[in-house]
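Enquirer: got a structure for you, letters missing:
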């Protein structure tokens, strides 16, 4: 296959991969919205595994991963990785279409900011000396450290008390880190199977241990992303796509002797791209909080008129309307009944009349009737 055909095939496979990941994210987000977690969390995983929609999402994720690997076979990493960032751009309109709403301007701006930052990060985080792999000892250290970090992120200790959006971003960060570590361990397993693992030749149980660690982190990343989508779709997906290459870059720089491209300028570009991406995530977090229209309908026979609350110009909130429940009291009566009535004023009594002597005049007492 000539280089032009290989590049075209790599682009096509990258687009298929992005579409698969986007469809999987939308399916997971709708599943999270339709199946809220129980307060105690018991039975949540079992209920999730019993849903056919969950397995469709797993299949779409697997298809996206296979298409991504195939694209890397036909095209360079510098082309395939930035195209993978299109997952966010594809998932945004898909999620809005399934929710029967429009994508807001804030969401589009957030997606573009995040996409620009992600492309900048991917452009400078490629290894300068590819082919390196972790040793078995380094793999175990990375796995233990990552498990501890994921436990902290999932428990919410780094975020304090926050709403669903804050908890979703924490789970999304943990999901991206788990997926990035799974990729690094996959590279190590590939080197082990090729007998190129640093150190002594690996035994069968060491290879099996690597496979178990990869499966654990890959499955954990998938479950954590499912939990992240309870707080929305766009912002958690953006954080997943950002934390994945960031975790891989940290492992490469700290353990594999890799560095950013272009030397010191690469570090500056990476820092700037991180700020740009963070700005995009903030916009996505704000832009996704929209309220569905509600109309206040008067109860037949009542004096209450329909009321419509109009959104403030320039905000991301849609017009809001409230609908009265048939058979219930009118909205105005319900509000007035909640206000305590003022205390009744004391009954006014006429002032006593006074005589010329200054003493109050009293009613004449009737004389007793003689028997």
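Expert: Arrived safely. Please read all numbers here as calculations on a predicted model, not as lab measurements.
Enquirer: what number of residues lie near residue 151?
Expert: Counted with other CB atoms under 10 Å, the neighbours of residue 151 add up to 11. Backbone N, C-alpha and C define where each C-beta goes, glycine included.
Enquirer: list the contacts for it?
Expert: Contact analysis of residue 151 by CB atoms under 8 Å, 6 or more residues apart in numbering lists nothing.
Enquirer: tell me which residues in the helix or strand containing it are buried?
Expert: Counting by DSSP states H and E, the element that carries residue 151 is helix 136-155. Buried residues in helix 136-155, defined by neighbour count with 16 or more other CB atoms under 10 Å: 136, 138, 139, 142, 143, 146, 147, 149, 150, 153, 154.
Enquirer: what's the average pLDDT for the helix or strand where residue 271 lies?
Expert: Using DSSP H and E, residue 271 maps to helix 264-287. Averaged across helix 264-287, the pLDDT comes to 84.
Enquirer: before we move on, what about stretch 250-259?
Expert: 78.
Enquirer: buried residues in that stretch?
Expert: Buried residues in stretch 250-259 (16+ other CB under 10 Å): 250, 251, 252, 255, 256, 258, 259.
Enquirer: the nearest residue to the third one once chain neighbours are set aside: what secondary structure?
Expert: On the basis of CB to CB, 6 or more residues apart in numbering, the spatially nearest residue to residue 252 that is not a chain neighbour turns out to be residue 258, at 3.8 Å. Of the three states, residue 258 takes coil according to DSSP: H, G, I helix; E, B strand; the rest coil.
Enquirer: what residues of the strand or helix carrying residue 250 count as buried?
Expert: Mapping residue 250 onto the secondary structure by DSSP H and E places it in helix 234-255. Using 16+ other CB under 10 Å as the burial criterion, the residues of helix 234-255 that qualify are 234-252, 255.
Enquirer: what packs against it?
Expert: helix 86-98, helix 105-124, helix 136-155, helix 164-193, helix 204-228, helix 264-287 (3 or more CB pairs under 8 Å, 6 or more residues apart in numbering; DSSP states H and E).
Enquirer: any idea how far residue 133 is from the residue nearest to residue 252?
Expert: When distance is defined by CB to CB, to the nearest Å, residue 258 is 12 Å away from residue 133.
Enquirer: tell me how many other residues crowd residue 46.
Expert: Quick note: residue 46 (other CB under 10 Å) scores 8 neighbours.
Enquirer: checking it next. Helix, strand or coil?
Expert: Applying three-state DSSP: residue 46 is helix.
Enquirer: ok, back up a step: can you give me the buried ones in the helix holding residue 271?
Expert: Result for helix 264-287 [16+ other CB under 10 Å]: buried residues 266, 269-270, 273-274, 276-281, 283-287.
Enquirer: also stretch 91-104?
Expert: Using 16+ other CB under 10 Å as the test for burial, stretch 91-104 gives 91, 92, 93, 94, 95, 96, 103, 104.
Enquirer: now distance to residue 123 and pLDDT too, for these, in CSV please.
Expert: Converted to CSV, these look like this (distance: CB to CB, whole Å; pLDDT from 0 to 100):
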residue, distance to residue 123, pLDDT
91, 22, 88
92, 22, 87
93, 25, 89
94, 26, 89
95, 27, 87
96, 29, 87
103, 26, 88
104, 28, 89
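Enquirer: save those residues as a markdown table, and put in distance to residue 172 too.
Expert: Listed next are the buried residues of stretch 91-104 as a markdown table, based on distance: CB to CB, whole Å:
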| residue | distance to residue 172 |
| --- | --- |
| 91 | 13 |
| 92 | 15 |
| 93 | 20 |
| 94 | 18 |
| 95 | 15 |
| 96 | 19 |
| 103 | 20 |
| 104 | 20 |
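Enquirer: which one of those is nearest residue 192?
Expert: Distance to residue 192 across these (CB to CB) is lowest for residue 91, with 34.6 Å.
Enquirer: wait, what's in contact with the closest one?
Expert: Residue 91 sits in contact with 21, 22, 25, 26, 233, 234, 237, where contact means CB under 8 Å, 6+ apart.
Enquirer: residue 231 and residue 170 touch, don't they?
Expert: No - in this structure, residue 231 is not within contact of residue 170 by CB atoms under 8 Å, at 9.3 Å.
Enquirer: re the thing from before, can you convert the helices and strands packed on helix 234-255 into CSV and add a column each for distance to residue 33?
Expert: Shown next, in CSV, are those (distance: least, CB to CB, whole Å):
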stretch, distance to residue 33
helix 86-98, 10
helix 105-124, 17
helix 136-155, 20
helix 164-193, 11
helix 204-228, 11
helix 264-287, 17
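Enquirer: out of those, flag the one nearest residue 58.
Expert: Using CB to CB, the helices and strands packed on helix 234-255 put helix 204-228 closest to residue 58, at 6.9 Å.
Enquirer: can you tell me what sits against the closest one?
Expert: By CB under 8 Å, 6+ apart, helix 204-228 touches 25, 28, 31-32, 37, 45, 48, 54, 57-58, 61, 136, 139, 143, 146, 150, 154, 168-172, 174-176, 178-179, 181-182, 185-186, 188-189, 192-193, 236, 239-240.
Enquirer: if I look at residue 231, how far off is residue 12?
Expert: 33 Å.
Enquirer: the two: which is more packed in?
Expert: residue 231 (23 against 16).
Enquirer: and the closest residue in space to that one that isn't next to it in sequence, what does it touch?
Expert: Nearest in space to residue 231, with sequence neighbours left out and distances taken as CB to CB, 6+ apart, is residue 168 at 2.6 Å. Residues near residue 168 by CB under 8 Å, 6+ apart: 227, 228, 229, 230, 231, 232, 235, 236.
Enquirer: thanks a lot, catch you later.
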